[in-house]
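Peer 1: Everything below, folded, please.
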Amino acid sequence: MRTAAGNHASRAKRAEAAAAAIRSATGARWVGLYTVADGVVTNEAWNGPAPPAHPTFQADQGLTAHAIAAHAVALSNDVAHDPRYLANQRDTGSEVIVPIILDGQVVGTLDVEDDRTGAFDGASVATYEAIANAILPLWQ
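Peer 2: Numbering: from 1, shown residues only. Below is the predicted model of the structure:
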């Protein structure tokens with residue numbers, strides 16, 4: 001993380017507020033913000049019906065691994081049939097992982113889940129990419 005230790009509490013509150021605002025504005029079932037550092041992905045904040053089933057996991061796992069490796073969105077519109085998917089507290093229909101990139105490095109991800117299969121199209125992915133750019137200051 002690129003923030004000073006003294007800023008951690010403030011950053012956590014801002015991340016919680018961001019996750020809640022994103023979920024409210026988009027109607028997603030679940031929204032999570034994660035930090036990627038030293039090969040580990042750690043949940044910073046979430047908003048939805050339950051906490052993340054994997055609050056910390058290796059950066060080479062799940063859809064997140066694909067987003068990190070490609071520096072690009074990882075999308076699954078049918079997680080039940082996607083072998084990359086890390087099962088959570090209950091299967092969703094669709095998930096999109098948007099990498100948050102700072103100085104050429106993936107420093108975080110925006111994780112959005114929806115109950116429906118086929119939930120994300122080009123327009124919704126573009127919206128989440130714009131949101132990821134807007135929340136980049138959380139990692140600066």
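
Peer 1: Okay, strands next: where are they in this protein?
Peer 2: 30-37, 40-47, 56-58, 74-76, 94-102, 105-114 (DSSP state E).

Peer 1: Output those strands in TSV, with mean pLDDT, distance to Ala19 and mean neighbour count appended to each entry.
Peer 2: Glycine gets a C-beta too; all of them are placed from N, C-alpha and C. Shown next, in TSV, are these (pLDDT from 0 to 100; distance: least, Cβ to Cβ, whole Å; neighbours: other Cβ atoms under 10 Å):
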stretch	mean pLDDT	distance to Ala19	mean neighbour count
strand 30-37	96	5	23
strand 40-47	96	4	20
strand 56-58	94	17	14
strand 74-76	93	19	22
strand 94-102	95	13	22
strand 105-114	96	9	24
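
Peer 1: what's across from Val40 in the sheet?
Peer 2: Beta-bridge partners for Val40, by DSSP bridges, are Ala37, Gln58.

Peer 1: coming back round to it: can you add distance to Ala15 and give the strands of the chain back as CSV?
Peer 2: Listed next are those as CSV, based on distance: least, Cβ to Cβ, whole Å:
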stretch, distance to Ala15
strand 30-37, 5
strand 40-47, 4
strand 56-58, 15
strand 74-76, 21
strand 94-102, 11
strand 105-114, 9
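
Peer 1: gap between the two ends of stretch 26-46?
Peer 2: This stretch, stretch 26-46, spans 14 Å end to end (Cα to Cα, to the nearest Å).

Peer 1: hang on, Ile101 packs against His71?
Peer 2: Yes - at 6.0 Å, Ile101 and His71 qualify as touching, with contact defined as Cβ atoms under 8 Å.

Peer 1: quick one: low-confidence parts of this protein?
Peer 2: 1-8, 82-92 (pLDDT under 70).

Peer 1: quick revisit: compare the strands of the chain and report which one is nearest to Lys13.
Peer 2: Comparison of the strands of the chain against Lys13 by Cβ to Cβ identifies strand 40-47 as nearest, at 8.8 Å.
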